[in-house]
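1. I would like the atomic coordinates for the input below:
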Amino acid sequence: RCAERADGAVIANLFSHTGAFTVALAAAGARQVFSVDLGQRYLRWSEENLERNGLDPAQHPSVAADAIDWLKSDAPTLDGAILDPPSHARRKGRNDRDWNARRDYADLVEAAAARMAPGGWMLCCVNSKGVRKSWLPDKVRQGVERAGRRVASTEPAGPAADHPRLKGFPEGVAFVGLLATLE
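-> Sure thing, here's the model as predicted:
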């Protein structure tokens, strides 16, 4: 569904890890996909994945930054964003607080919504055990409202058929996704 919205779009892949969303969106015709992650190793991997797929990493920049900080300071106006953070992440050697999806997700949505063009969309994902069914829609609504924006529509965006649901891999069961379009 995101690829269907990618043609000519400027998109941020936040907490981009190895760039799977970046590659898919770039291949679908996105004008520019920003891969934002604190991990230099993952950003290099993302660039290699773009090259392996015949895509130009210079057209799809890697940004070594905290996603919220980048959205608040350097991000362009976005047509779309992938919000797929880990449940929890430690920041090595920094005094800043660690990332915690339960605590910080609405802040991430707020920062992304503030950068969205009218009609922009966000694929919002969480992979956290023990969250109630309404948790993600509630966090998305809170963040969008705090940004002074309104949600035009939402639709469930659960895992694809290739998402692991294996014994011993509890993260596969906990995945929840929501595709939100803003006014």
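2. same for the helix or strand where residue 81 lies, what does it pack against?
-> Here residue 81, judged by DSSP states H and E, is contained in strand 78-83. Counting by 3 or more Cβ pairs under 8 Å, 6 or more residues apart in numbering; DSSP states H and E, the packing neighbours recorded for strand 78-83 are strand 10-14, helix 20-27, helix 101-114, strand 116-127. C-beta here means a position set from N, CA and C on the backbone, and glycine is covered the same way.
3. run a quick neighbour tally on residue 127.
-> 20 (other Cβ atoms under 10 Å).
4. for residue 182, see how far away it is.
-> The gap separating residue 127 from residue 182 is 23 Å, by Cβ to Cβ, to the nearest Å.
5. about what we covered before: could I get the helices and strands packed on strand 78-83 in JSON lines, plus columns for distance to residue 35 and mean pLDDT?
-> JSON lines is the format used below for those (distance: least, Cβ to Cβ, whole Å; pLDDT from 0 to 100):
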{"stretch": "strand 10-14", "distance to residue 35": "5", "mean pLDDT": "97"}
{"stretch": "helix 20-27", "distance to residue 35": "5", "mean pLDDT": "97"}
{"stretch": "helix 101-114", "distance to residue 35": "15", "mean pLDDT": "91"}
{"stretch": "strand 116-127", "distance to residue 35": "15", "mean pLDDT": "94"}
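6. deepest-packed of these, please.
-> Among the helices and strands packed on strand 78-83, strand 10-14 has the highest mean neighbour count (mean count of other Cβ atoms under 10 Å), at a mean of 27.
7. show me the beta-bridge partners of residue 64.
-> Assessed by DSSP bridges, residue 64 has beta-bridge partners residue 37.
8. need the contact list for it.
-> By Cβ atoms under 8 Å, 6 or more residues apart in numbering, the residues touching residue 64 are 37-40, 43.
9. any idea which of these is closest to residue 9?
-> Nearest to residue 9, judged by Cβ to Cβ, of the contacts of residue 64 is residue 37 at 19.8 Å.
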